[in-house]
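S.K.: Let me see the structure of the following:
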Amino acid sequence: MHGYQIHLRMLLLQRASVFLNHLLRMTMADRQSSSGNYSFNQATDIRLLVLDIDGTIAGESNEIRPAVIDAVKAVKDKGIQVAIATGRMYRSALRFHEALELSLPIMAYQGAMMKDPRTQTVHRHWPVSQALAARLLEDLERPAQKHLLSIHFYIDDQLYVRDLTPETLEYAERSGVEPIAVGDLRTVLHRDTTKILALSSDTDLISSMLSSFRQQYTPAELYFTKSVSTFFEAANAKVNKGMAVRALAEDMLGLTAAHVMAIGDNFNDVEMLHYSGVGIAMGNAPEDVKAEADWVTDDVEADGVAIALEKFLL
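M.R.: Got it, this is the predicted structure:
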């Protein structure tokens with residue numbers, strides 16, 4: 001009996017050791033996932049790569065770094081198609097599309113417009129209704145906050161503003177567009193607005209507006225997001241990057257979500273990260289965005305996109 005007890009004890013210790021080793025391996029995998037040493041089997045079937053611009057392929061320089069250009073070219077050489085999904089205007093996104101020598105339509109304005117640069121075909125355009133744009137403008141121009149906001153309306157791929165504030169001029173320079181100052185934005189509301197943007201250096205105000213407007217308007221009325229901490233954005237209720245990527249992948253290319261990899265850096269990218277078979281967040285993304293991704297790569301200034309592509313697709 002004593003020998004049997006010793007044998008049983010050794011067997012239990014052995015099983016415990018196996019179990020602990022298994023837990024250790026799982027813990028190491030989790031650590032590797034966050035530090036960039038973990039890969040996903042589903043990435044082997046990726047046929048479409050979707051990239052955000054600001055904070056993802058373009059950093060402080062407002063240009064795409066050579067390592068990222070080379071990595072995207074290598075991905076295309078493998079037969080994987082590449083597209084851009086951005087909050088930028090179509091005309092502002094075009095030079096990035098051209099720098100990467102892409103052929104698919106550009107998903108601009110958080111996906112509100114999908115346009116093919118080769119044919120000039122607009123495959124999708126979901127603007128904000130004139131009535132909702134007018135209502136939102138009234139709310140944005142409340143006396144308590146009007147002087148703190150630079151309000152932008154995007155109509156026919158043109159940028160209309162009340163006046164040329166320092167925030168607007170900085171935005172316009174980075175975007176490469178010429179803003180049209182009209183004083184009262186109500187004068188342009190006889191046309192559909194693709195997107196509405198309110199800029200403020202007061203990041204607490206932007207967060208507060210995002211929270212309050214999501215309570216004031218239903219999800220069936222408007223889509224709200226922020227692409228950076230100083231940008232409050234509003235679009236058609238059907239609009240987000242996830243819906244746009246889905247339309248491109250499934251309706252135009254005949255793919256499924258499992259065939260898609262998306263890389264982004266901010267809250268306006270979360271829907272496409274969720275939709276895609278592999279959703280990757282940049283190292284410079286807010287922690288809440290990283291938590292929504294399958295994997296986190298390095299910062300934009302450290303060629304995080306190139307690192308992710310090398311790991312998963314090359």
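S.K.: When you work out contacts or count neighbours from here on, use the C-alpha atoms and nothing else.
M.R.: Fine.
S.K.: Check the spacing between the residue nearest to Asn62 when sequence neighbours are not counted and Pro127 real quick.
M.R.: The shortest distance from Asn62 to any non-neighbouring residue, by C-alpha to C-alpha, 6 or more residues apart in numbering, is to Arg174 (6.9 Å). Using C-alpha to C-alpha, to the nearest Å, Arg174 is found at 24 Å from Pro127.
S.K.: now do Thr230
M.R.: Distance from Thr230 to Pro127, by C-alpha to C-alpha: 22 Å.
S.K.: Now do the contacts for the residue positioned nearest the centre of the chain.
M.R.: Computing the C-alpha centroid of the chain and ranking residues by C-alpha atoms, centre = their mean puts Asp269 first, at 2.4 Å. Shown in contact with Asp269 (C-alpha atoms under 8 Å, 6 or more residues apart in numbering): Asp52, Ser227, Lys241, Gly242, Ile263.
S.K.: can you check Asp202 too?
M.R.: Leu148, Thr230.
S.K.: Apply 7 Å and report the result again.
M.R.: Listed by C-alpha atoms under 7 Å, 6 or more residues apart in numbering, the contact set of Asp202 reads Thr230.
S.K.: Strands of the stretch 51-200 of the chain, start to end?
M.R.: Taking DSSP state E, counting those that start in this stretch as the criterion, the stretch 51-200 of the chain carries its strands at 81-84, 106-108, 113-115, 122-125, 150-155, 158-161, 180-181, 195-199.
S.K.: Deepest-packed of these, please.
M.R.: Comparing those by mean neighbour count (mean count of other C-alpha atoms under 10 Å), strand 106-108 ranks first with a mean of 29.
S.K.: which one of Arg174 and Pro127 has more residues nearby?
M.R.: Pro127 (23 against 12; other C-alpha atoms under 10 Å).
S.K.: Give me the nearest residue to the more buried one, chain neighbours excluded.
M.R.: Thr194 (4.1 Å).
S.K.: Hmm, the one you found is touching Tyr154, no?
M.R.: Yes - under the criterion of C-alpha atoms under 7 Å, Thr194 makes contact with Tyr154 at 5.5 Å.
S.K.: roughly how far apart are Val278 and Leu189?
M.R.: Taken as C-alpha to C-alpha, the span from Val278 to Leu189 is 40 Å.
S.K.: Asp204: neighbour count?
M.R.: Neighbour number of Asp204 under other C-alpha under 10 Å is 12.
S.K.: That should have said Ala144, apologies.
M.R.: So Ala144, with other C-alpha under 10 Å, has 8 neighbours.
S.K.: Relative to the whole chain's centre, how far out is stretch 280-288?
M.R.: Chain-centre distance of stretch 280-288: 10 Å, with C-alpha atoms, centre = their mean, to the nearest Å.
S.K.: whoops, stretch 306-314 was the one
M.R.: The answer for stretch 306-314 is 18 Å, by C-alpha atoms, centre = their mean.
S.K.: Would you mark the buried spots in stretch 204-220?
M.R.: Under the neighbour-count criterion of 16 or more other C-alpha atoms under 10 Å, stretch 204-220 has Leu205, Ile206, Ser207, Met209, Leu210, Phe213, Arg214 buried.
S.K.: Please flag which of those residues sit within helices.
M.R.: Of the positions in those, Leu205, Ile206, Ser207, Met209, Leu210, Phe213, Arg214 sit in helices, assigned by DSSP state H.
S.K.: ok so, going back, ranking the contacts of Asp269 by neighbours, who comes first?
M.R.: Ile263 (32 neighbours).
S.K.: Look up phi and psi at that one.
M.R.: Phi and psi for Ile263, reported as degrees, to the nearest 10, are phi -130, psi 130.
S.K.: Please apply the same query to the one 4 residues further on.
M.R.: Recorded main-chain torsions at Phe267 are phi -60, psi -30, according to degrees, to the nearest 10.
S.K.: just checking, it touches Val289?
M.R.: Yes - Phe267 lies in contact with Val289 (C-alpha under 7 Å); the separation is 6.1 Å.
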